[in-house]
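Peer 1: make a model of this:
(4 chains)
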2 protein chains.
Amino acid sequence: MPAAERPKRRLGKNGDGAERHDAIYRHISDAIIEHRLKPGARLREDALAEVFGVSRTGIRKILQRLALEQLVTLTPRRGASVTRPTADEAKDVFDARQMVECGLMPEVARRITAADLRGLRDMARREREALRAGEQSAAIKLSAAFHERLARLSGNATLAEFVGRLCSRSSLILAVYGNTGHLGCESHDHDDLIRFLEEGNGERAAAFMSRHLKAIEASLSITEAEEEAPDLHQIFSG
Amino acid sequence: MPAAERPKRRLGKNGDGAERHDAIYRHISDAIIEHRLKPGARLREDALAEVFGVSRTGIRKILQRLALEQLVTLTPRRGASVTRPTADEAKDVFDARQMVECGLMPEVARRITAADLRGLRDMARREREALRAGEQSAAIKLSAAFHERLARLSGNATLAEFVGRLCSRSSLILAVYGNTGHLGCESHDHDDLIRFLEEGNGERAAAFMSRHLKAIEASLSITEAEEEAPDLHQIFSG
DNA sequence: ATCCAGGCCATTGTATACGCTTTCGTTGCC
DNA sequence: GGCAACGAAAGCGTATACAATGGCCTGGAT
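Peer 2: Next up, the predicted model:
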C-alpha cells in the first residue's frame, strides 16, 4: 500500500524539491491575497500537508515564511491562521505605502521604457477585464501585482520587495475593513498613472499615487469595535 | 553519558521552547551584525546545533528566518553562509534608508518626548564610549540600534521594522566594503541629530540624516572587481 | 440546572533517522 | 606530468515518530 500506490510522489520529491515548496508557498499566498482564505481562517498543518502531498516539515517551513511576511499569524500552541490586521497596522501599512510608493515615482518616471509601459498597460487592461467579469479574486491579485511591478521599475530591488509585501498586507486589510463590492483600486486610476509616467512627469505621478492611495484608505471602514470577543461577532456577522 | 550528564538540557527544553529559539536567533544575528561572523562564513547546521544544544530542526528554522532577513544566504545543497552583499544591493539599501529614514524624521520630531530624548542620548553616549574603548563590535551594534530606535519613535511599526532590517544589512555592507578602522557613523553625528529633534525641527533633522547617510555611503570603497573567484581574494586580503 | 473538575483528544513542537546530492581525494590513463 | 573519472565521505533535505500542551467534553457535586 505505501510504496505501490504513489510512485509519482517519490519522483516529484526527487526532481524538484525546492521548486515544489515554492509552488506551494505561492498557492497559499495567492489564496490569501485573493481572499479565498479569509482573515482568521485556521491553517492546520496536517490538512495542508495532505492537500499538497508533502510532509508537515515542508508545510511548517512555508508557514513560517508566511508568518515573517505577516500574512499568517503563528500563535505558540494554537497553530497558524490568516492574519487579521488591526486598525493600527492598517494605518501603518498605508502610511508606509504613501511614503515609499510616492517616493519611488520620480525614479520610475526617469527609468521607464516603452516596453515597460506596454507591460503596465497590459496589466491594467487585464485588471479591468477581471473587474468587469466580476472576478474579484483575480482583480485583487492583479492590482497588487501592478503596484509591485511599478515599484520594481525603480531599479531598487529592496524597496520593490518591501512594496510587494505592503501590497499583500493591503489585500488582507481590504478583506477585513473593505466594503464588499468596492474594490480598492479604481480601474481607470492605473491608466491615468501610466500616462503621467509616459510623460516622464514624476512629480505628477507621485501626487496622483498619493491621491490614489488616500482614496483606497478612505474607502475603508476602519472600526476596531470589538476588543475581547471579536471572533464571534466577525464570524456570525460575516 | 547521554542522559546523566545533561539534565539541564531537558529542563530547558520543557520550560522555554520558543524563547530559547529566539535567544539563539539573537545570538547568531548579533554575531553577524557585530562582524564576529564575517560575510562568506559558512554556518553548518550540525555545528550550530551542537553549540547551542538543540537539534538541527530548530537551527534550520532560525537559519531560514535569517535568510528571509537577508543576513544569511541559503544555497540549495550547500547550506548557509553569511550573506556577502553585492555592490548593487549596497546601493539599494542605502537608497532605501535615505528615503525611509529621512522621510520619517518630521514625524519623529513631532512625536518625540523628553524621555525619548534621554534614551537616545544614552544610546549615543554608550556608542561613543564603545568607540573610544576600541570595541568596534559593540559600537556597530549600538549604531544600528540607534537608527532603528529612532525609526520606532515615528510610531509606524512596519517602517521601523524595515529600517531595522536595513540597518542590519548595512552592518554587513560595512563589513565587506568598509575601510577598516573607519566606522560607519561618526560619533558626534548622532548627538547633532538629537539636537535638531529636540528643537522639533524635522526638516533640518531630515536634511542632516540625509548627509549622515551619504557620508557613510561615501566612506565605503565599493569595488566589485572579482566576479568568478571572489572568495579567495577576500579571504586572503582580509 | 449549572458550574467546576478531571481526563481525553487534537494539534503543535522537537528530535532522530534515512536518502540524496555534492564535493573532495585518489588513482589510472593519456 | 596533467587531466579525467570514479569512489568515499560529509552535509543537506525530507519524512516519520514521539512528547508535551492546550482545548473540549463529560461526569459529578452543589
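
Peer 1: can you give the distance of the host helix or strand of residue A:140 from its chain's centre?
Peer 2: Assigned by DSSP states H and E, residue A:140 belongs to helix A:136-152. Its chain's average C-alpha position is 8 Å from that of helix A:136-152, according to CA atoms, centre = their mean, to the nearest Å.

Peer 1: same question for stretch A:168-182.
Peer 2: Taking CA atoms, centre = their mean, the mean C-alpha location of stretch A:168-182 is offset from the chain mean by 10 Å.

Peer 1: and that stretch, what's buried?
Peer 2: By neighbour count on 16 or more other CB atoms under 10 Å in any protein chain shown, the buried set for stretch A:168-182 is A:168-178. Glycine gets a C-beta too; all of them are placed from N, C-alpha and C.

Peer 1: who in chain A is up against DNA strand C?
Peer 2: A:14, A:43-46, A:56-57, A:60, A:74, A:76-80 (CB under 7 Å from any atom of the strand).

Peer 1: need the buried ones from those selected in PyMOL.
Peer 2: The following PyMOL line selects those of those that are buried, judged by 16+ other CB under 10 Å:
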select buried, chain A and resi 43+45+60+74+80
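
Peer 1: which ones among the residues of chain A next to DNA strand C lie within helices?
Peer 2: Residues of those located in helices (DSSP state H): A:14, A:45-46, A:56-57, A:60.

Peer 1: now render those residues as TSV, adding distance to residue B:134.
Peer 2: Below are those laid out as TSV (distance: CB to CB, whole Å):
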residue	distance to residue B:134
A:14	53
A:45	49
A:46	54
A:56	49
A:57	46
A:60	44
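
Peer 1: now those residues in a markdown table, with distance to residue A:160 and pLDDT?
Peer 2: Listed next are these as a markdown table, based on distance: CB to CB, whole Å; pLDDT from 0 to 100:
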| residue | distance to residue A:160 | pLDDT |
| --- | --- | --- |
| A:14 | 34 | 37 |
| A:45 | 31 | 93 |
| A:46 | 36 | 92 |
| A:56 | 33 | 93 |
| A:57 | 31 | 93 |
| A:60 | 28 | 93 |
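
Peer 1: okay, buried residues for the helix or strand harbouring residue A:88 please.
Peer 2: In this assignment (DSSP H and E), residue A:88 forms part of helix A:87-111. Buried residues in helix A:87-111, counted by 16+ other CB under 10 Å: A:89-109.

Peer 1: show me what it is packed against.
Peer 2: If contacts are counted by 3 or more CB pairs under 8 Å, 6 or more residues apart in numbering or on different chains; DSSP states H and E, helix A:87-111 sits against helix A:136-152, helix A:157-177, helix A:187-198, helix A:202-218, helix B:87-111, helix B:157-177.

Peer 1: tell me the angle of the longest one relative to helix A:87-111?
Peer 2: It stands for helix B:87-111. With axes from the mean of the first three to the mean of the last three CA atoms, to 10 degrees defining the directions, helix B:87-111 sits at 130 degrees from helix A:87-111.

Peer 1: can you give me the mean pLDDT across helix B:87-111?
Peer 2: Averaged across helix B:87-111, the pLDDT comes to 97.

Peer 1: helix or strand next in line after that helix, which one?
Peer 2: helix B:114-132.

Peer 1: list the buried residues in the helix or strand where residue A:22 lies.
Peer 2: Using DSSP H and E, residue A:22 sits in helix A:17-33. Using 16+ other CB under 10 Å as the test for burial, helix A:17-33 gives A:20-21, A:24-25, A:28-29, A:31-33.

Peer 1: now the residues you listed as JSON lines including distance to residue A:117?
Peer 2: As requested, those are arranged in JSON lines below (distance: CB to CB, whole Å):
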{"residue": "A:20", "distance to residue A:117": "36"}
{"residue": "A:21", "distance to residue A:117": "35"}
{"residue": "A:24", "distance to residue A:117": "34"}
{"residue": "A:25", "distance to residue A:117": "31"}
{"residue": "A:28", "distance to residue A:117": "33"}
{"residue": "A:29", "distance to residue A:117": "28"}
{"residue": "A:31", "distance to residue A:117": "31"}
{"residue": "A:32", "distance to residue A:117": "30"}
{"residue": "A:33", "distance to residue A:117": "25"}
